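J.: Starting from these lines, generate the structure:
(chains A and B)
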Amino acid sequence: MASVTIDDVRKSFGQVEVLHGVSVAIDEGEFVVLVGPSGCGKSTLLRMLAGLENITSGRILIGDKVVNKLPPKERDIAMVFQNYALYPHLTVAENMGFSLKLNGVSKAEISERVKPAAEILGLANLLDRYPRQLSGGQRQRVAMGRAIVRDPQVFLFDEPLSNLDAKLRVSMRTEIKNLHNRLTTTTVYVTHDQIEAMTMADKIVVMNDGRVEQIGAPLDLYDNPANLFVAGFIGSPAMNMIQGALAGASFAASDGQALPVPSRLPDGAAAGPLVYGIRPEGIALGGDIPLTVEVTEPTGSETYVAGQMGGAPVTCVFRERVAAKPGEVINISIDPGAVHLFDAASGTRLTAAG
Amino acid sequence: MAMTDRPQDEAEPRGGIWSRFIESRNGLGFLFMLPAAVFLLCFLTYPLGLGVWLGFTDTKIGRPGIFVGLENYAWLFDDPVFWLSVFNTMVYTFVASVLKFGLGLWLALLLNRHLPAKNFFRAIILLPWVVPTVLSALAFWWIFDSQFSIISWVLMKWGLIDAPINFLGDPWNARWSVIAANVWRGIPFVAISLLAGLQTIPQSLNEAAAIDGATPWQRFTKVTLPLLTPIIAVVMTFSVLFTFTDFQLIYVLTRGGPVNATHLMATLSFQRAIPGGQLGEGAAIAVAMIPFLLAAILFSFFGLQRRKWQQGGSD
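T.: Below is the predicted model of the structure:
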């Protein structure tokens, strides 16, 4: 186990800079998820951590050792690839013991170390199979087994669940989390799926366009997004954003609709155009704000209602069952405490001082 | 004569039987296969059969022969020139194939890297394969010329030798020279085919191996090479067959000389049959190549068998 420090790391491919100075501190035993839309540089950062890409500038430390120039094999890391990268000509047992064999570990010791890992992952009766004879979920487990057997300082996961079907993804999520609780090895996990990030991470690093947008615990990001990007990226359905500006003690949307604001207004809120952010569950039925219904999606436990309010598309989640028809106008209310105000120009969230 | 079994496929396009025939899966399939079957019968089966038959006769040019049983083969068995050609063919095939494999694999690995102007080099590599054999053989003829050889000239300029090398005049020099020309010509096929094979190996396997602690050499021997074996088996089977039956290169460069030192079975067969007029004997030499070729095919058959890890699973 080791901590990982990423210190002002930059990466250029030719003339194009894809990472513009990323700094992340990862504590020993922490489960950190790098999340962001595709092309944001999260996989590149992971590959730099693994030693598969070189570092243009900045430093990466594993423990207290700078690893910038070290080849992958000397970094004591294990990586699970998106396509699993299992050796097709080796059996499950041979795949899992490959690194030990390369290090000249005796046959007896290899099987001694492969067995418990296989048991943890439920692969014990598949050890003689070849990767081709396994299902997607089993291959995924073998890839994790190969990492576990190494007992490395850091686990790296590169979108490991994106090739699995939705149901398997949910159960593997739990399994990976369980595994981490059991082994407590420092883990860096890359995904584009914010649900994976929210459910698994101790700490989420939200990346966009080669920059870190925000670092924090999952619920912290959910409740206090630093800017419009994080607010829109974390949470599903996404936060509703309405353009407008302050008008006295309320918010005037672009079509003139007045919306409630927190009693303690953040500093500088009155200065210029704002974006009004409210999560779908911050909206309740009954009140004096009209919402024109477009689509109603009952899921059983909740009802999603999509419509127009204040000149912007809005999604609400109601615990009650709503039977509104398209075009119908329903009245809603907004919890002022759940409202976020963003500066429209910079996108940063305005917070009340002290 | 093989044409006689061609059925009346230009029959009237009307009528119940015909339309039922053309709409049935087997009937239509038969019709589609017919051209290929006729082609194979005329140009493959018939010449092969005729060749085998000629080997059992004493046919000469201008005189139809009679069946003489194994007489040609018995005669060849006692013919030192025939055995010399068998020896030459074995040496030629073995040395050239090993060199082509080694150099071809090396080239393929180089071309698989991120080189500048990669596509340009890949195209260039194909040149020896694209140029007509006779043309490249003529070029080699000049390179190996006893007086005007550029190799001798360069070595003499450097002061390494003081007389031109007699490339094609000395038996072993000639053997190595034709092998060199054959290797030059055969490398592109091996290199490009193996390159195609290399490109089917996902990059992530190499990366995974690097993280697992494999050195570049271990990555090659433990990941790349095992995954490449199926392609190597196919490519080398073809390469061995091409080399074993080579004719053009030898015929232009040495005509089997000096003193039969570079006669391969294919060139000797032609030499005896056409310029020598002994069709039966030439055919017998050609037929004698079949066991060797069959051995090569069997070798590849077992080499080509899908390995256990290639077999599909239940999913």
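J.: center of chain B, which residue is that?
T.: What sits nearest the mean C-alpha location of chain B, by C-alpha atoms, centre = their mean, is residue B:242, with 0.7 Å.
J.: Against residue B:267, how distant is that one?
T.: Going from residue B:242 to residue B:267 by C-beta to C-beta, to the nearest Å gives 15 Å. Where C-beta positions appear, they are placed from N, C-alpha and C, glycine not excepted.
J.: Mind jotting down where the helices sit in the stretch 51-200 of chain A?
T.: For the stretch 51-200 of chain A, applying DSSP state H, counting those that start in this stretch gives helices covering A:92-102, A:107-120, A:136-150, A:166-183, A:194-200.
J.: what's the span of stretch A:79-95, first residue to last?
T.: 13 Å (C-alpha to C-alpha, to the nearest Å).
J.: Same question for stretch A:25-32.
T.: End-to-end distance of stretch A:25-32 (C-alpha to C-alpha): 10 Å.
J.: same check, this time on stretch A:72-87
T.: 18 Å.
J.: which residues of the chain score low on pLDDT?
T.: Since you didn't name a chain, this refers to chain A. In the predicted model, chain A carries pLDDT under 70 at residues A:353-354.
J.: actually chain B
T.: Counting by pLDDT under 70, chain B contains low-confidence ranges at B:1-15, B:303-315.
J.: do that again at 50, thanks
T.: Low-confidence segments of chain B (pLDDT under 50): B:1-6, B:9, B:11-12, B:312-315.
J.: Same list, the helices of the stretch 51-200 of chain A, but as TSV with mean neighbour count and distance to residue B:83 please.
T.: Putting the helices of the stretch 51-200 of chain A into TSV (neighbours: other C-beta atoms under 10 Å in any protein chain shown; distance: least, C-beta to C-beta, whole Å) gives the following:
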stretch	mean neighbour count	distance to residue B:83
helix A:92-102	23	48
helix A:107-120	16	50
helix A:136-150	24	56
helix A:166-183	15	67
helix A:194-200	20	73
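J.: Nearest to chain B among the ones you listed would be which one?
T.: helix A:92-102 (3.8 Å; C-beta to the nearest C-beta).
J.: Compute the inter-axis angle for the closest one and helix A:136-150.
T.: 30 degrees (axes from the mean of the first three to the mean of the last three C-alpha atoms, to 10 degrees).
J.: mind listing what's buried in the helix or strand harbouring residue B:93?
T.: Using DSSP states H and E, residue B:93 falls within helix B:80-111. Using 16 or more other C-beta atoms under 10 Å in any protein chain shown as the test for burial, helix B:80-111 gives B:81-82, B:84-86, B:88-89, B:91-93, B:95-97, B:99-101, B:103-105, B:107-109, B:111.
J.: my guess is residue A:259 is in a helix, correct?
T.: No: judged by DSSP: H, G, I helix; E, B strand; the rest coil, residue A:259 forms no part of a helix; its state is strand.
J.: about what we covered before: elements contacting the helix holding residue B:93?
T.: helix B:118-125, helix B:171-199, helix B:225-244, helix B:265-273, helix B:279-304 (3 or more C-beta pairs under 8 Å, 6 or more residues apart in numbering or on different chains; DSSP states H and E).
J.: one step back: could you check how far the residue nearest to the centre of chain B is from residue B:53?
T.: Distance, residue B:242 to residue B:53, using C-beta to C-beta: 26 Å.
J.: Ok, residue B:95 next?
T.: For residue B:95, the distance to residue B:53 equals 34 Å [C-beta to C-beta].
J.: try residue B:223
T.: 51 Å.
J.: Show me which of those two is the more surrounded one.
T.: Between residue B:223 and residue B:53, residue B:223 has the larger neighbour count (other C-beta atoms under 10 Å in any protein chain shown), namely 23 against 15.
J.: element containing the residue nearest to that one when sequence neighbours are not counted, please.
T.: Counting by C-beta to C-beta, 6 or more residues apart in numbering or on different chains, residue B:223 lies nearest to residue B:209, which is 4.9 Å off, once chain neighbours are set aside. Residue B:209 is part of helix B:203-211, with elements assigned from DSSP H and E.
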